[in-house]
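Peer 1: mind looking at a prediction? Sequence and model below.
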Amino acid sequence: MGVSVLELEKAIKSLEEAIALHQCAKTEPEKKAFRDAAIHRFEFSIELSWKTSMKILGSTTSAAKSAIREMARNNLVDDAEAWLKFIDGRNETSHSYDEDVAKRVYLLVLNFLPYSQRLLEKLKQSPS
């Protein structure tokens, strides 16, 4: 397993931990802090997801949405539309901070986790 796949695995594990902390938080300030941490870790995880995939595929694609389409063509992801929504959510959070955006993107983060875990399993099986 290559370094990139190991880094992706660490990022996804870190995302899982932030989600678990959010779900166990007792106070509203804790919930917000852990939600925001999960969103930040989601940003890392989605970036590593497509960049690692492109590296394994030997692709020079450097745009996230093009990478997602290439990942779908190579059967690394089953639902390109969902992944494109994840990219849109990442773009939304990286350009501004707004409470409504954070709430909306956190729901995407929860949906993203199983998709990222499936991708990780496929990448672990790929010869790198």
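Peer 2: Structure received.
Peer 1: Arg118 is in contact with Ser49, correct?
Peer 2: No. Contact criterion C-beta atoms under 8 Å: Ser49 and Arg118 do not qualify, at 10.6 Å. For glycine as for every other residue, the C-beta is placed from the backbone atoms N, C-alpha and C.
Peer 1: higher neighbour count, the two?
Peer 2: Neighbours were counted for Ser49 and for Arg118 using other C-beta atoms under 10 Å; Ser49 has more, 28 against 14.
Peer 1: list the contacts of the more buried one.
Peer 2: With contact taken as C-beta atoms under 8 Å, 6 or more residues apart in numbering, Ser49 is in contact with 8, 116, 119.
Peer 1: and with 10 Å instead?
Peer 2: Shown here is Ser49, whose contacts under the criterion C-beta atoms under 10 Å, 6 or more residues apart in numbering are 8, 11-12, 64, 67-68, 71, 76-77, 83, 86-87, 112, 115-116, 119-120, 123.
Peer 1: also Phe42?
Peer 2: Residues in contact with Phe42 (C-beta under 10 Å, 6+ apart) are 11-12, 14-15, 18-19, 86, 89-90, 93, 105-106, 108-110, 112-113, 116.
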